[in-house]
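Peer 1: starting from these lines, generate the structure:
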Amino acid sequence: MTAFIHFFPYLVAAWLFCVGLYGVVTSRNFVHLVICLAVVQSSTYLLLLTIGYRTGGVPPVFMGAPVGTPAVDPVVQALMLTDIVVEATVVALLLALAVQLQKNTGTLNPDKLEALEG
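Peer 2: From the prediction side, this is the model:
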């Protein structure tokens, strides 16, 4: 049972990834597609948190901690913060493109778009 609890966050991250990927593949609306990409990205948050977690670990501030105390990995925390910033930027850019697409074509359905001429 403890092995299942140890791997449970990995299973949830994989499930989130699969649900988001299914939404991306089956999406018929660009805004829905962007939201599904955000779900896929959120699975990476959970994965990074799970990788950096240490049982009995202390925050990565070693002031006053005895030598040899296990600590949570600060590099993984920095990677997750970077991941959040990248996701916010990508979502904002894709939503701005969807707004422009709606203005220019009148639809957000990729099946109803015509080929570009130019």
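Peer 1: please make it C-alpha for all contacts and neighbour counts, starting now.
Peer 2: Will do.
Peer 1: tally up the residues packed near residue 91, please.
Peer 2: 16 (other Cα atoms under 10 Å).
Peer 1: next: residue 80.
Peer 2: 19.
Peer 1: tell me which element it is part of?
Peer 2: helix 74-105 (DSSP states H and E).
Peer 1: could I get the buried residue list for that helix?
Peer 2: By 16 or more other Cα atoms under 10 Å, the buried positions in helix 74-105 come out as 76-77, 80, 83-84, 87, 91, 94-95, 98-99, 101.
Peer 1: possible to save those residues as JSON lines with pLDDT and distance to residue 46?
Peer 2: Output for these, formatted as JSON lines (pLDDT from 0 to 100; distance: Cα to Cα, whole Å):
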{"residue": "76", "pLDDT": "85", "distance to residue 46": "11"}
{"residue": "77", "pLDDT": "83", "distance to residue 46": "11"}
{"residue": "80", "pLDDT": "87", "distance to residue 46": "9"}
{"residue": "83", "pLDDT": "89", "distance to residue 46": "11"}
{"residue": "84", "pLDDT": "92", "distance to residue 46": "12"}
{"residue": "87", "pLDDT": "92", "distance to residue 46": "14"}
{"residue": "91", "pLDDT": "96", "distance to residue 46": "18"}
{"residue": "94", "pLDDT": "95", "distance to residue 46": "23"}
{"residue": "95", "pLDDT": "96", "distance to residue 46": "24"}
{"residue": "98", "pLDDT": "93", "distance to residue 46": "28"}
{"residue": "99", "pLDDT": "94", "distance to residue 46": "30"}
{"residue": "101", "pLDDT": "90", "distance to residue 46": "32"}
